[in-house]
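>>> got a sequence here, can you build the structure:
(chains A and B)
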Amino acid sequence: MSDVLIEATGVGKVLGRGAGEVQALKDINLALSGGELTVLMGPSGSGKTTLLSVLGCMLTPTTGTVMVCGFSTEGADAEKLAKLRRDHVGFVFQQYHLFPTMTAAENVQLALDVRGVRGKTARSRAREALRKVGLEHKIKSYPGELSGGEQQRVAIARAIVSDPSVILTDEPTAALDGENGQAIMRILASIAGQSDRSVLVVTHDPRLLAFADRIVHIEDGSLAREEAGKAGVAKSLSAAVKRGDFSKPDGSRRERGGAANPE
Amino acid sequence: MPLKFTLASRNLFHDRLRFVATTVGIVFSVVLVMVQMGLYLGFGRMVTTMIDHASTDLWVVRKGTKCFEDPSLLDIKKGRDIVNNPDVTEAVPMVIGFSDWKLPSGELTPVFIVGSDLERHSLDPWNVVAGSIKSLIGHDDVAVDRTYKDRLGVSKVGDKAEIRSKTVHVGAFTDGIRSFTTTPYVFVDLSRARAYTGVPRDKASYFLVKLKPGANAETVRKSLQASLSDVEVLTPAQFSDRSHDFWLFGTGAGAALLAGALLGIIVGTVIVVQTLYSSTKDHLDEFATLRAIGSSNRYIYRVIIYQALINAVVGFCFASLIGYGVVALTTKGALPVVITPALMAAVFALTVVMCVAAAFAAIMRVVRIDPVMVFTR
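So this is what the prediction gives:
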């Protein structure tokens, strides 16, 4: 296993104030390493998105510490957190959050533009990122002209174009049909295949477990259990099948070495 | 082109109806500012036009004279005192005053007589488009502006009229010498001016003083001021400023014009504030996404400021076209709107400042964006 890229130690997060105060996260200890695709699962309201926000430097923990590529988020203001995101984190959102007035290439370039990479270099890197997600023929298309799967691939290209160490994805396949969801997961899995990159997928779609190197379950703001390696992932998959959570996805075989094979 | 600029322009042009509404608002306010300031400049020029066209080094005026049209009179003997100054070559008297012009129909209309020594060219009518000034010298001929032909009941050189029951003939027509008071200027030779105005022979309205070559105007002015009583000795610039300030600020006309311009600025700013703020609110998701993918606040501010600048430039371009149309329409009018390159530059700068200042309301909204909202929308 490669170096730890994100490490949460004893993380707690309180959201809201007064009567509306909620302990969203409790004593979370989690490390994401390079070359690893981690699936974070849990029911609605379990704290998945809050944990993703804390790990992705959008929120600072109320207690505990988060280290991102060796940098602590402790005491960081909004601008410092933005810089940590800029330098180390790429995001893929459930609703894609593409800019409707920008082409696919421009959407991807934006991620470089905010990092000060412009001109020919930015254009060529954006094209390369779109090529990696199989959309080089759609660089001039606007989001409205793309299918949901294609839009999500543009979002992935935007997340990877700046070469971040960590890719955090929030329900990346929730708005997609099974086939497109599988395709997106294959791309994310291939990204996680690089030893210096870690991918965290927040989902409650058990069909995605087949792509995981590691599955982390969160319940009521605490990490309930964790399964790692082929055996652990297979166990989770088997449990999900027994519960009838999903039909076995087509083409769920991992596309990179060392991945779990549900079959 | 910077991607920020592309994003800003697409954000604006995406909602075309709102963009058009904003542009109209900006155009309205910029035109208002431009026209008010143009009127201010035009008025300023008109009220000093006689002073600005006089050929003199110094003006000697009755003490307390506020403007060129002031009816105060000087003792004609002052002229001798003035020329006693060794640096003075001549002191040419000038007679001005309101009078009555009788139309062929028998109606009377007020006119403003400008009587100067035309042989010594102290204040010759300019922009002569018909006839000759020479015909005025020592004769009962007058020069009037051609825009007043109908008003004065004349149509060509040689036409006859009466001023204070004395027959005059039109000897020349000028172009563009209009009075802001709407009372037509009538140029006459000094030798006839007293008869038309009723100014006594021992009085004059002004003395136009010419100095010897090399004489220092300020030194002579001070010397004359010290030696003469009940008069003020002014340089053309001083007299022009005094006349300008009297008409523009003494009467409140200038203040009204400036207030109109200020109103334009306020209206424009409010319109741009509203538009940018609502545009920013509509694009909050996008700004939150930018924030989530790591953009600094400064990056987002720039996008918003680019939007403001685009608004400013587009609004200003349309406003300029309208402004020039207004200039063309009013050139021959009673009060022309004057738009100089300096005024254009100032209004452009003002438009940019107005739009960028308006952007701050939007920026204040964006500052509060929580990037976490990308997970909930």
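>>> low-confidence ranges in the stretch 101-250 of chain A?
A:229-250 (pLDDT under 70).
>>> all strands for it, in order.
For the stretch 101-250 of chain A, strands defined by DSSP state E, counting those that start in this stretch occupy the ranges A:166-170, A:198-203, A:214-219, A:222-228.
>>> pick the most deeply packed of those strands.
When these are scored by mean count of other C-beta atoms under 10 Å in any protein chain shown, the highest mean neighbour count falls to strand A:198-203 (a mean of 27). Glycine gets a C-beta too; all of them are placed from N, C-alpha and C.
>>> any chance of the strands of the stretch 101-250 of chain A in a markdown table, plus distance to B:Met34?
What follows is the strands of the stretch 101-250 of chain A, written out as a markdown table (distance: least, C-beta to C-beta, whole Å):
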| stretch | distance to B:Met34 |
| --- | --- |
| strand A:166-170 | 52 |
| strand A:198-203 | 56 |
| strand A:214-219 | 63 |
| strand A:222-228 | 66 |
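>>> what about B:Gly323, how many neighbours?
Using other C-beta atoms under 10 Å in any protein chain shown, B:Gly323 has 24 neighbouring residues.
>>> next SSE after the helix or strand it falls within?
Secondary-structure assignment from DSSP states H and E places B:Gly323 in helix B:297-330. The element immediately downstream of helix B:297-330 (helix or strand, assigned by DSSP H and E) is helix B:341-367.
>>> which outside residues touch the helix or strand following that following helix?
Of the helices and strands lying after helix B:341-367 in sequence (DSSP H and E), the nearest is helix B:373-376. Residues outside helix B:373-376 that contact it (C-beta atoms under 8 Å, 6 or more residues apart in numbering or on different chains): A:49, A:52-53, A:91, A:93-94, A:97, A:170, B:284-285, B:288-289, B:292.
>>> where does whatever residue of the stretch 51-200 of chain A ends up closest to chain B land on pLDDT?
For the stretch 51-200 of chain A, the residue closest to chain B is A:Arg86, as judged by C-beta to the nearest C-beta, at 3.1 Å. What the model reports as pLDDT for A:Arg86 is 94.
>>> mind checking the SS state of it?
The local conformation at A:Arg86, judged by DSSP: H, G, I helix; E, B strand; the rest coil, is helix.
>>> can I assume it is in contact with A:Gly116?
No - between A:Arg86 and A:Gly116 no contact is recorded; they are 9.1 Å apart, counting by C-beta atoms under 8 Å.
>>> so which helix or strand takes in the nearest residue to B:Val154 once chain neighbours are set aside?
When the adjacent residues along the chain are set aside, B:Val154 lies closest to B:Val170, with 5.1 Å between them (C-beta to C-beta, 6 or more residues apart in numbering or on different chains). Taking DSSP H and E as the criterion, B:Val170 maps to strand B:166-174.
>>> now that strand: average pLDDT?
Averaged across strand B:166-174, the pLDDT comes to 92.
>>> elements contacting it?
When contacts are defined as 3 or more C-beta pairs under 8 Å, 6 or more residues apart in numbering or on different chains; DSSP states H and E, strand B:166-174 sits against strand B:128-131, strand B:141-145, strand B:160-163, strand B:185-189, helix B:190-197.
>>> follow-up on the earlier one: narrow the contacts of helix B:373-376 to just the buried residues.
Buried positions within those, assessed by neighbour count (16 or more other C-beta atoms under 10 Å in any protein chain shown), are A:49, A:52-53, A:91, A:93-94, A:97, A:170, B:285, B:288-289, B:292.
>>> please name the nearest non-neighbouring residue to whichever residue of chain B sits closest to chain A.
Using C-beta to the nearest C-beta, B:Gly294 is the residue of chain B that sits closest to chain A, at 3.1 Å. For B:Gly294, the nearest residue in space outside its immediate sequence neighbours is A:Arg86; the separation is 3.1 Å by C-beta to C-beta, 6+ apart.
>>> the one you found: how many residues sit nearby?
Residues near A:Arg86, counting by other C-beta under 10 Å, number 20.
>>> next one: B:Leu103
Close neighbours of B:Leu103, defined as other C-beta under 10 Å, add up to 15.
>>> what does A:Thr50 give?
Other residues close to A:Thr50 by other C-beta under 10 Å number 24.
>>> quick revisit: would you confirm that the residue of chain B closest to chain A contacts A:Lys83?
Yes - B:Gly294 is within contact range of A:Lys83, at 7.3 Å (criterion: C-beta under 8 Å).
>>> more neighbours: these two, which one.
For B:Gly294 against A:Lys83, the residue with the higher neighbour count under other C-beta under 10 Å is B:Gly294, and the figures read 25 against 17.
>>> angles on the backbone of that one, please.
phi 110, psi 10 (degrees, to the nearest 10).
>>> residue contacts, it?
Counting by C-beta under 8 Å, 6+ apart, B:Gly294 has contacts A:82-83, A:85-87, A:89, A:111, A:114-115, A:162.
>>> over to A:Tyr142?
Taking C-beta under 8 Å, 6+ apart, we find A:Tyr142 in contact with A:100-104.
>>> what segments of the stretch 51-200 of chain B are helices?
Using DSSP state H, counting those that start in this stretch, the helices found in the stretch 51-200 of chain B span residues B:78-83, B:149-152, B:190-197.
>>> mind checking those helices for the one nearest to B:Tyr277?
Of all the helices of the stretch 51-200 of chain B, the one in closest proximity to B:Tyr277, counting by C-beta to C-beta, is helix B:149-152 (52.2 Å).
>>> neighbours of the closest residue to B:Gly315 other than its chain neighbours, how many?
Sequence neighbours aside, B:Ile26 is the residue nearest to B:Gly315 in space, at 2.9 Å (criterion: C-beta to C-beta, 6+ apart). Around B:Ile26 sit 28 other residues, with neighbours defined as other C-beta under 10 Å.
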